[in-house]
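**Student:** take a look and give me a structure for this.
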Amino acid sequence: MEITVWRWQSEVESDTMAVKVRISYEKPQELHTVTEMLKPIIKSCKADKGENGRYKKAYLEVDISDGKAQKGVNSPLI
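**Tutor:** Numbering: from 1, shown residues only. Next comes the predicted model:
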């Protein structure tokens, strides 16, 4: 499984940061595990419908409060 995270935008009116997450996975259980862990902050989740290839992809949008976000490259996002 591979997870890619990038910053999308900061909400002007609030203290949250919108982040996009791409998840490449082989088994539906892998996606379920990640979505259960991130459930409190998930804004939306879209899974690819394509069955071609070894890996499937899902795209999440999550909201993270600026106070909880880590700015360092080598530190966890939340």
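
**Student:** and the strands in the protein?
**Tutor:** 2-10, 16-25, 42-47, 56-65 (DSSP state E).

**Student:** need the ones you listed in JSON lines (columns: mean pLDDT, mean neighbour count and distance to residue 33).
**Tutor:** For glycine as for every other residue, the C-beta is placed from the backbone atoms N, C-alpha and C. JSON lines is the format used below for these (pLDDT from 0 to 100; neighbours: other CB atoms under 10 Å; distance: least, CB to CB, whole Å):
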{"stretch": "strand 2-10", "mean pLDDT": "63", "mean neighbour count": "11", "distance to residue 33": "11"}
{"stretch": "strand 16-25", "mean pLDDT": "86", "mean neighbour count": "18", "distance to residue 33": "9"}
{"stretch": "strand 42-47", "mean pLDDT": "92", "mean neighbour count": "13", "distance to residue 33": "13"}
{"stretch": "strand 56-65", "mean pLDDT": "88", "mean neighbour count": "17", "distance to residue 33": "12"}
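
**Student:** is it true that residue 45 touches residue 57?
**Tutor:** No. When contacts are counted by CB atoms under 8 Å, residue 45 is not listed as touching residue 57 (11.5 Å).

**Student:** was I right to think residue 35 contacts residue 42?
**Tutor:** Yes. Using CB under 8 Å, residue 35 is in contact with residue 42, at 6.6 Å.

**Student:** which neighbours do the two share?
**Tutor:** Residues touching both residue 35 and residue 42 (CB atoms under 8 Å, 6 or more residues apart in numbering) are residue 60.

**Student:** returning to what we had before: make a markdown table from the strands of the chain and add distance to residue 31 to it.
**Tutor:** A markdown table is the format used below for the strands of the chain (distance: least, CB to CB, whole Å):
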| stretch | distance to residue 31 |
| --- | --- |
| strand 2-10 | 11 |
| strand 16-25 | 5 |
| strand 42-47 | 7 |
| strand 56-65 | 5 |
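
**Student:** coming back round to it: joint contacts of residue 45 and residue 57?
**Tutor:** With CB under 8 Å, 6+ apart, residue 45 and residue 57 have no common neighbours.

**Student:** hey, what's residue 59 bridged with?
**Tutor:** Listed by DSSP bridges, the beta-bridge partners for residue 59 are residue 22, residue 46.
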